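> Model the following, please.
(one chain, ligands or ions: 1)
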Amino acid sequence: MTLVRAVAGSNRASGTARRSPLAWLGALLVIYLGVPIVAFLLRLAGSHDRGFGESGLWAAARTSAVAATVSMAIVVVLGVPLAHWLARSRTPLTRVVGVLVQLPLALPPVMSGIVLIYLVGPYTWLGSLTGGRLTESTAGVVIAQTFVAAPFLVISARSAFESIDPALDDLAATLGHRPLARFWRVDLRVAARGIRAGALMTWLRALGEYGATVLLAYHPYTLPVFTYVQFSSSGIPTTQAPTALALGAAAILLLMAGFRLPARLRRRPAVVTLPPAHHPAESQPEPVGFTVDARVGEFHLQATHHADSHRIAVLGASGAGKSLLLRSLAGLLGPGVGTVTYGDTDVSAVPVERRRLGYVPQNHGLFPGRTAWQQTTFGIHADPGAASWWLDTLGIAGLVDRRPEQLSGGQRQRVSLAAALAGQPRLVLLDEPFSALDTPVRQELAAELRRLQRESGLSTVLVTHDPQEAALLADELLVLADGRIVQSGSVAEVFGAPATPQVARLLGIANVLPAQVTDGGIDAGGVNITVSGALPAAGEAMWCVRPEDVRFATDGAYPVRVHDIADVGSHLAVDVALGSLRLRANVARASACDIPDVGRDGRVEIDPAAVTVWCQEPAVGH
Ligand SMILES: Nc1ncnc2c1ncn2[C@@H]1O[C@H](COP(=O)(O)OP(=O)(O)OP(=O)(O)O)[C@@H](O)[C@H]1O
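As a prediction, this is how the structure comes out:
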């Protein structure tokens, strides 16, 4: 039944496609392009003398094929690095060069020939230097073909390089690969398909080149020149053979380019046998210090901190600058961003690939086309034994043959973590490393990382949105807002006394509310609350109390009305009205009988020492 529905669905889908005006427009173009070729093939089949015996035909075909192949090779060798530079650089010079390399595409080929005569013609400096051999020779054909065909490769390769996520290059740098190695081992590999397509277009364009060739190198004849000569002297019948040859060569090449071997004939990647695992070596704790001043677009990051501990967490709202801070510490924003120290070493001038880092980027970047094992051992310092240990510990030893698209989000995140740790890094920078994991795996991994931090001295800077994760995996907290550190200190200090209402909210404290400071207390929504700590000057203020410090008691000081009671597993979350404000109380299940029913009035007690009051929320200025 399901199959019948699926078939009916697919018939409906193809029926819809047939009725679509877009499909008909496309079909008209296919007819326009196909009919002349079919007409030619019909005439060819019906002809007696097709011109295959004409003298000079095969020599012309050879000249065309050789010159097109040499042109393509020249264009690939020179054009791929040029395309890479054009894709990666954003300067006025890049823009000018980008236009320049596309000009031959816009210029009519005959005019390209004229332009070239000014460079390599017999009476130019280059022409006389080579005794006039640059024209009227196969070299001349190659020069003409290269000029008109080069833009095809450069444009295609440039767009292939531009589509590579720059984060992959950054990741490869943190794994110790220098710029040339990154070009070979990452960019070229990822852009290979676009480069191949560009090379194919270049060859085909070179093979079909006529206008520039006929001006620059009329002899030896190429296939197009030979065809025109035949057409002028003997009429159309003898042009059938060269046309058929060009058509056949192009069709075979295009078919080969799109051909994929059946799955059973394709080379399978060798099955990986994991080497014996060993525990990662102990590392020296390396507290990080930095004074960073970096501008990225409109955003200004300005932060100074010298950590006492080798376990730091950076908390902040989305867009606060956490990832940029991590990238500055890695050296990925360049050496001009300020001073960075790992332990006692000033690494400000040390290139990222020599910093011996482990880096887990936010989107858990993995290199396309590489298996989990190849990803884990891609770093130049990767230790296969430690890689095995990490893969095993992270529960992905059975997935080592899989490529990124064959892994789930959580599995990819674990591979990324294993790759960062397998190189025995001196510092690990983690950008929300557990965000795609389910709660049990997340807790398990966090506990594993915590154990390594303690036992092996693993130094980490963790970016996270989760205050619990920060408290578990760090001794020191930095809270970032709008590119500035708004509070820093030990986990206990920051959690115990959030410096601003904004920090309190980031720490997950639920009751951050407005108030008016009065004599010896605060007016919170019309209810006077007693406070034992320091109070700001009278006026508008913000205050907070943790939900677990709001306790139901029949003799409590403050009247409330219960609005909602939610059982969240570990405790009961109770929403109450305190004057005009809404307050949250977390009540242990054992004390559930103290809570009045929903809609009923009751009383709560709030410890004056548990109340924090701030003057009006300060704006972070630049
Ligand atoms: N390449 C860039 N060009 C321009 N602006 C950028 C660039 N990268 C980041 N920014 C800006 O810098 C600010 C900080 O970005 P960052 O990625 O550090 O935020 P974040 O705190 O990590 O946020 P999230 O938690 O959402 O990942 C943002 O406003 C962002 O738009």
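> Nearest to the ligand: which residue in the stretch 201-350 of the chain?
Nearest to the ligand in the stretch 201-350 of the chain, going by CB to the nearest ligand atom, is residue 297, at a distance of 2.6 Å. The C-beta positions use only the backbone N, C-alpha and C, and glycine is treated the same way.
> Not counting sequence-adjacent ones, nearest residue to the residue most central in space within the chain?
Closest to where the C-alpha atoms of the chain average out (CA atoms, centre = their mean) is residue 165, at 3.8 Å. Spatial nearest neighbour of residue 165, excluding adjacent residues (CB to CB, 6 or more residues apart in numbering): residue 365 at 6.8 Å.
> One more: residue 343?
residue 286 (3.9 Å).
> Tell me who's in contact with that neighbour.
310, 342-343, 426-427, 459 (CB atoms under 8 Å, 6 or more residues apart in numbering).
> okay, these in TSV with pLDDT, neighbour count and distance to residue 114 next?
Shown next, in TSV, are the contacts of residue 286 (pLDDT from 0 to 100; neighbours: other CB atoms under 10 Å; distance: CB to CB, whole Å):
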residue	pLDDT	neighbour count	distance to residue 114
310	91	23	69
342	92	22	61
343	90	16	66
426	89	20	61
427	92	24	60
459	91	25	65
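> in the stretch 201-350 of the chain, which spans are helices?
211-216, 223-234, 240-258, 322-330 (DSSP state H, counting those that start in this stretch).
> Would you mind pulling up the elements that the shortest one packs against?
It stands for helix 211-216. Here helix 211-216 touches helix 109-120, helix 138-162, helix 223-234, going by 3 or more CB pairs under 8 Å, 6 or more residues apart in numbering; DSSP states H and E.
> at 6 Å instead, please
Packing contacts for helix 211-216, counted by 3 or more CB pairs under 6 Å, 6 or more residues apart in numbering; DSSP states H and E, involve helix 109-120, helix 138-162.
> Give me whichever of these is most buried.
Compared across the helices and strands packed on helix 211-216, helix 138-162 shows the largest average neighbour count, a mean of 24 (mean count of other CB atoms under 10 Å).
> by contact count, what packs against it?
So helix 138-162, by 3+ CB pairs under 6 Å, 6+ apart, packs with helix 57-88, helix 92-106, helix 109-120, helix 192-207, helix 211-216.
> Low-confidence regions, this protein specifically.
1-19, 269, 617-622 (pLDDT under 70).
> Tell me the residues of it that contact the ligand?
Residues of the chain lying close to the ligand (CB under 6 Å from any ligand atom) are 296-297, 299, 316, 318-324, 362.
> hang on, the earlier thing: and the contacts of residue 286, which is closest to residue 492?
In terms of CB to CB, no member of the contacts of residue 286 lies closer to residue 492 than residue 310, at 17.3 Å.
> and that closest one, what are its phi and psi?
phi -90, psi 10 (degrees, to the nearest 10).
> who touches it in this structure?
285-287, 459 (CB atoms under 6 Å, 6 or more residues apart in numbering).
> With respect to residue 409, which of the residues you listed is nearest?
Nearest to residue 409 among these, with distances taken as CB to CB, is residue 459, at 26.9 Å.
> Near the closest residue to residue 480 other than its chain neighbours, how many residues? Count them for me, please.
Nearest non-adjacent residue to residue 480, counting by CB to CB, 6+ apart: residue 316, 3.6 Å away. A count of nearby residues for residue 316, using other CB atoms under 10 Å, gives 25.
> again with the one 5 residues further on
The number of residues packed near residue 321 is 26, by other CB under 10 Å.
> State whether it and residue 483 are indeed in contact, as I suppose.
Yes: when contacts are counted by CB atoms under 6 Å, residue 321 is listed as touching residue 483 (4.3 Å).
> For the residue in the stretch 51-200 of the chain that the ligand sits nearest to, which residues are in contact?
Taking CB to the nearest ligand atom, the ligand has its nearest neighbour within the stretch 51-200 of the chain at residue 166, 8.8 Å off. By CB under 6 Å, 6+ apart, the contact set of residue 166 is empty.
> For residue 172, see how far away it is.
From residue 166 across to residue 172, the span is 11 Å (CB to CB, to the nearest Å).
> Would you mind extracting the C-alpha trace of stretch 194-211 into CSV?
Taking C-alpha atoms only, stretch 194-211 is exported to CSV below (Å, rounded to 0.1, in the frame of the first residue of the first chain):
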residue,chain,number,x,y,z
GLY,A,194,35.6,22.8,-9.4
ILE,A,195,39.2,22.8,-10.7
ARG,A,196,38.5,19.6,-12.7
ALA,A,197,35.5,21.3,-14.3
GLY,A,198,37.5,24.4,-15.1
ALA,A,199,40.3,22.4,-16.6
LEU,A,200,37.8,20.5,-18.8
MET,A,201,36.2,23.8,-20.0
THR,A,202,39.7,25.2,-20.7
TRP,A,203,40.6,22.2,-22.9
LEU,A,204,37.3,22.3,-24.8
ARG,A,205,37.6,26.1,-25.3
ALA,A,206,41.2,25.7,-26.5
LEU,A,207,40.2,22.9,-28.9
GLY,A,208,37.5,25.1,-30.4
GLU,A,209,39.6,28.3,-30.6
TYR,A,210,39.6,30.0,-34.0
GLY,A,211,39.7,33.8,-34.0
